[in-house]
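Visitor: Generate a structure from the sequence data that follows.
(2 chains)
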Amino acid sequence: MLGRFTLTTAILLALTSTGARADAIRIGVNEPLTGPFAASGTYVVNGAKIAADEINAKGGVLGKKLELVIEDNKSNPTEAAAVAEKLITSDKTPVMMGAWGSSLTLAVMPKLVDYETPMLVETSSSGKITTSGNPYVFRISPPSSLEAETFAPMVSRLGLKKVDFLVLNNDFGRGAATDFGKMLKDKGVTVGLVETMDQGAQDMGAQLAKLKASDADTIMITSSVDQLVLLFKQMAALGLKKRVITTGGSQNPDQIIAQAGAAADGTMHLTTFLPWSPDKTPDPKATEAFIAAWKKRGFDYAGVTESFRGYDGIRAIAHAIEKAGSADPAAITKAFWSVDLVGLNGPIRFTKAGPAGKESGQSKPDVYLIEIKDGTVIVPTL
Amino acid sequence: MNELIQHLVNALILGGTYALLGIGLTLIFGIMNVVNFTHGALYTVGAYVMYLAVAALGLNFFLALPVAILGGLLLGAAIELVLLRPFRGSDIDTTMLVMIGAGIILQSGTLWTFGGVAKAIPSPFPEAPLQIGLVSVSWLRLFVLGAALTLIALTYALINRTKLGLAMRAAFQDSDTAALMGVDVRRIYTATFALGSSLAAAAGALLGPVYVVFPQMGGLAELKAFAIVILGGLGNVTGAAIGGFILALAEEFGAGYVSSGYRDAMGFLIIIAVLLYRPTGLFAKAERIG
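Guide: Prediction:
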C-alpha cells in the first residue's frame, strides 16, 4: 500500500517537474482555435508566437525565456472560463492573454478576480468588459464606443441617412449596435432595423430578405470574418445592394476578397490596423518587420489584420513583466499601469475605465475606415 | 409582398437539403433500429470530400458531387461492417453508444486533418442572381434544390420500385420473416446504412459550396436531421421529406417575422409541440416505410 502510494507520488512529481521549466516565464493564451471563430483565433495565436520568438531572440524577459501556453476555448464561453482556470491553477501562468470574443472574455473575467491574475484583452470590443469593475482586465482593442467615436466625423461625409444593423446575437454584436446606434442618433441619422444572427449561423437569408425590403441606405454589420464572407455572398445572391460598413476589426479584408470575391466589392470596414499602407501606421518600421516575419513563416497573408493583436498583446505583457521585475501576478497587475509602448496601431498606454476603486485598463488604439474596391483594399479619402 | 415571396423561395431551397438529411437518418432508424449519431459527421465528410475534389484536386464541380456521394456511401458501408455488424442483436443503447463514439472520432478526424479554419468551395455558377421581379435566387442554390429533389426522387424509386427496395421494406416490417423468405438481411442492413450515409454526404457536398466547410458543421445539421425525423415520424420517408420543408419554413418565417436571433430555436419549438400533441410524428402510419 505504502509502496504504491510513494510510486504514484513519484510519478506525479516527475510529471509536474517536467511540465514547468524553471527558467521560463509562462504566459497563458486563451483563444478560439476551433468553432466559428477558429480563423481569427488562429491568426492571433500566430501573431503571439512571432512576438514571443522575437523577444526570446533578444534574450527574453528578466533573463528568462517567454513560454506561451496556448489553449483552445472552442469559441465557447463555458470552455473559455475552464481554460482560464486550467491555465492559472495547473499551468501556473502569472498573466494571460485572451479570449478573442466579448462573450468569451466576459466569461473568463470572474476567474481573474477569483485567482487575482491579470489578463490582457487583445480583441474584444464590448463596453461591458472595462466598465464592470474588474481591476485585472487590461484591454488594447478599442471598445465599440471608441470605434463609434472615431467613425462619427465620417457619418456626414459618407452621407448616411438611415442605417439598419445586422449584428451577432452576443455581447460583441449587441454592444456595437447600441454604441453605434447612439452615436448615429446624436448625428441626426435614423436607426432602422436591428437584426441579429447566431454566431454559428450559416444561412442569414431571412434577415437579409428583411433588410432588403427596408428603406435604409446603409447596413452596419458586426461579425467575424467567416460569417461576413457568407453574408456578402448571400447578399449578392439576394440582389441586396446597399452601402455596407462593418465594425469590430475582425474582418480580415484580404480573406474576404479571396473567399467572397466580387460580392465584397464596395464594402467598407472599420479596422484597427493598416498593413496595406505601412507608412500610415504609427511605427512603419515595426509594421514592416512584423509583416515580413508573418510572410517568412508562410502564414496566410489575410490573417495579418487580426494577428497584430496577438503580437502587440504579447509585447505589452512582456513589457509589464519587465516593469514588474518578477513573474508575480500582483506585481504584473500593478506594472500594467506603467506600460508605455508604441504598438502597431498606436500607443499602448492604459487609462482607467469603469467604477472608481476597481478600474480596468483601457488603451486607445487608432481606428481606420477602409474600402474594398476591385479586389484591393483602399483607404478612401473623406 | 416581395419580402414574403423571398422568404418562401429561401425556405423552399433550404428545405430540399433538410429533406435529404432527414430521409437518410429516418431510413437507417426505420430499417435497422439504429440511432445514427454519425449522420452529422457524414454530412461534414461529404462537404470535405467535395472541398478536396474541387479546391485541392481541381476536379470539375459536377463530377466532384458524385465523388462525394460515393465517398459517403463507402464510408457508411465501412461503418456498418466494422462497427454495427458485430453488435447486431444487442440492444439499441449499445449501438447508440457505439455510434456516438464513431461520430466523435469522425469529427475529430476532420479537425485533425483539415484544421479548424473554415474552407470555401468555389462554385462554377455566376455570382449575379436570377432575378424574377424583385425576388432573387442564386443559381448555385437553384442547382442545389434541383439536385436535392433529384436525389430524393431516386431514393423513392429505389425503395418503391426495385428489388433491393422491396427487400428493405420487408426487413423493416419483419426482419425474421424476411430472412426466412430468402432475404439476406445482413446485406440489406449494409445497403441501408450506406444509402442513408450517402444522402447525408450529398447534403454536405451540396451545402458546402453554399456556405463554408468546417469540422463542426455537422453538429447543427445532425440536430436538425433528428428534428425532421421526429416531425415526420420515425422511419417515415415521406414524413421526413415533408418534415424537411416544414422545418425550413418555420426557421425562415420565424427569423423573418418573429426574431432572427433565435432562428435555430424555431424548429425545436415545433418539435416540442409535435411531441406534445402528436408524439408519433405528423405523418405517422403504423409499421410502414415508403
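Visitor: Burial check on the residue nearest to A:Ile129 when sequence neighbours are not counted, number of neighbours?
Guide: Of all residues not flanking A:Ile129 in the chain, A:Thr105 sits nearest, at 5.7 Å (CB to CB, 6 or more residues apart in numbering or on different chains). For every residue, glycine as well, the C-beta is placed using N, CA and C. Neighbourhood size, A:Thr105 [other CB atoms under 10 Å in any protein chain shown]: 32.
Visitor: And residue 96, which helix or strand is it part of?
Guide: Here I'm looking at chain A. Here A:Met96, judged by DSSP states H and E, is contained in strand A:95-98.
Visitor: think we crossed wires, I meant chain B
Guide: helix B:92-114.
Visitor: what's the answer for A:Ala201, then?
Guide: Counting by DSSP H and E, A:Ala201 is found in no helix or strand.
Visitor: Name the nearest residue to it, ignoring sequence neighbours.
Guide: Nearest to A:Ala201 is B:Arg263, by CB to CB, 6+ apart, at 6.5 Å.
Visitor: Might you list the low-confidence residue ranges for the chain?
Guide: The chain I'm using is chain A. A:1-22 (pLDDT under 70).
Visitor: Chain B was what I was after
Guide: Ranges of chain B meeting pLDDT under 70: B:284-290.
Visitor: Swap in 80 and give it another go.
Guide: Within chain B, the stretches with pLDDT under 80 are B:1-2, B:116-117, B:127, B:134, B:259-262, B:264, B:267, B:282-290.
Visitor: can you give me the strands for it?
Guide: For chain B, applying DSSP state E gives strands covering B:130-132, B:135-137.
Visitor: again with the stretch 201-350 of chain A
Guide: A:218-222, A:243-247, A:268-271, A:341-343, A:346-348 (DSSP state E, counting those that start in this stretch).
Visitor: Which residues does stretch A:106-114 contact?
Guide: For stretch A:106-114, the external contacting residues (CB atoms under 8 Å, 6 or more residues apart in numbering or on different chains) are A:30, A:77-78, A:80-81, A:83-85, A:88, A:98-99, A:117-119, A:124, A:126, A:128-129, A:132, A:134, A:136-137, A:171.
Visitor: Give me the buried stretch members for it, please.
Guide: Residues of stretch A:106-114 classed as buried by neighbour count (16 or more other CB atoms under 10 Å in any protein chain shown): A:Leu106, A:Ala107, A:Val108, A:Met109, A:Lys111, A:Leu112.
Visitor: quick one: is the helix or strand encompassing A:Gly181 near chain B?
Guide: Secondary structure from DSSP H and E places A:Gly181 in helix A:171-186. No. In terms of CB under 8 Å from any CB of the partner chain, no part of helix A:171-186 sits within range of chain B; the closest distance is 9.1 Å.
Visitor: on contacts alone, who are the packing partners of that helix?
Guide: helix A:102-115, helix A:144-158, strand A:162-168, strand A:190-197, strand A:218-222 (3 or more CB pairs under 8 Å, 6 or more residues apart in numbering or on different chains; DSSP states H and E).
Visitor: And the contacts of the last one?
Guide: Around strand A:218-222, the neighbours that count as contacts under CB under 8 Å, 6+ apart are A:144, A:158, A:160-168, A:172-173, A:176-177, A:180, A:211, A:228, A:231, A:242-248.
Visitor: Can you report how many residues neighbour A:Gly261?
Guide: For A:Gly261, using other CB under 10 Å, the count is 17.
Visitor: swap that for B:Val9, please
Guide: Neighbourhood size, B:Val9 [other CB under 10 Å]: 21.
Visitor: I'd assumed B:Gly133 was in contact with it.
Guide: No. When contacts are counted by CB atoms under 8 Å, B:Val9 is not listed as touching B:Gly133 (11.0 Å).
Visitor: follow-up on the earlier one: out of the helices and strands packed on helix A:171-186, indicate the one that is most buried.
Guide: The highest average neighbour count among the helices and strands packed on helix A:171-186, using mean count of other CB atoms under 10 Å in any protein chain shown, belongs to strand A:218-222 at a mean of 26.
Visitor: Quick check: the gap between the closest residue to B:Gly71 other than its chain neighbours and B:Ala194.
Guide: The shortest distance from B:Gly71 to any non-neighbouring residue, by CB to CB, 6+ apart, is to B:Val49 (4.1 Å). To B:Ala194, B:Val49 is 15 Å away according to CB to CB, to the nearest Å.
Visitor: so the residue nearest the centre of chain A is in which element?
Guide: In chain A, the centroid-proximal residue (CA atoms, centre = their mean) is A:Thr123; its distance is 1.5 Å. Using DSSP H and E, A:Thr123 maps to neither a helix nor a strand.
Visitor: so it makes contact with A:Arg309?
Guide: Yes. Using CB under 8 Å, A:Thr123 is in contact with A:Arg309, at 5.3 Å.
Visitor: what's the overlap in contacts for these two?
Guide: A:Val44, A:Ser141.
Visitor: Spell out which parts of chain A neighbour chain B.
Guide: Residues of chain A lying near chain B (CB under 8 Å from any CB): A:33-36, A:38-39, A:42, A:72, A:169, A:195-198, A:200-203, A:205-207, A:209-210, A:212-213, A:226, A:229-230, A:234, A:236-239, A:259, A:261-263.
Visitor: Pull up the residues of the stretch 151-290 of chain B that are close to chain A.
Guide: B:207, B:211-212, B:214-217, B:220, B:251-256, B:259-264.
Visitor: Kindly recompute the last result at 6 Å.
Guide: B:Tyr211, B:Val212, B:Glu252, B:Ala255, B:Gly256, B:Ser260, B:Gly261 (CB under 6 Å from any CB of the partner chain).
Visitor: Run the chain-centre distance for stretch A:356-374.
Guide: Remark: stretch A:356-374 is offset 10 Å from the chain centroid, using CA atoms, centre = their mean, to the nearest Å.
Visitor: Kindly export it (C-alpha atoms) in PDB.
Guide: Extracted in PDB, the C-alpha atoms of stretch A:356-374 (Å, rounded to 0.1, in the frame of the first residue of the first chain):
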ATOM      1  CA  ALA A 356     -13.700  54.000  -9.000                       C
ATOM      2  CA  GLY A 357     -11.600  51.800  -6.900                       C
ATOM      3  CA  LYS A 358     -11.700  48.800  -9.200                       C
ATOM      4  CA  GLU A 359     -10.900  50.300 -12.600                       C
ATOM      5  CA  SER A 360      -9.900  48.300 -15.600                       C
ATOM      6  CA  GLY A 361      -7.200  49.400 -18.000                       C
ATOM      7  CA  GLN A 362      -8.100  50.600 -21.500                       C
ATOM      8  CA  SER A 363      -5.700  51.600 -24.200                       C
ATOM      9  CA  LYS A 364      -6.700  53.900 -27.100                       C
ATOM     10  CA  PRO A 365      -5.700  52.500 -30.400                       C
ATOM     11  CA  ASP A 366      -6.200  54.000 -33.900                       C
ATOM     12  CA  VAL A 367      -9.300  53.100 -35.900                       C
ATOM     13  CA  TYR A 368      -9.300  53.300 -39.700                       C
ATOM     14  CA  LEU A 369     -12.000  53.100 -42.400                       C
ATOM     15  CA  ILE A 370     -11.000  51.100 -45.500                       C
ATOM     16  CA  GLU A 371     -12.900  50.100 -48.600                       C
ATOM     17  CA  ILE A 372     -12.700  47.000 -50.900                       C
ATOM     18  CA  LYS A 373     -12.500  48.200 -54.500                       C
ATOM     19  CA  ASP A 374     -11.900  45.900 -57.500                       C
END
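Visitor: Need the contact partners of the helix holding B:Met96.
Guide: B:Val34, B:Val35, B:Asn36, B:Phe37, B:Thr38, B:Ala41, B:Thr44, B:Tyr48, B:Leu83, B:Phe87, B:Pro215 (CB atoms under 6 Å, 6 or more residues apart in numbering or on different chains).
Visitor: what's near enough to touch the fifth one?
Guide: Read that as B:Thr38. B:Met99, B:Ala102, B:Gly103, B:Leu106.
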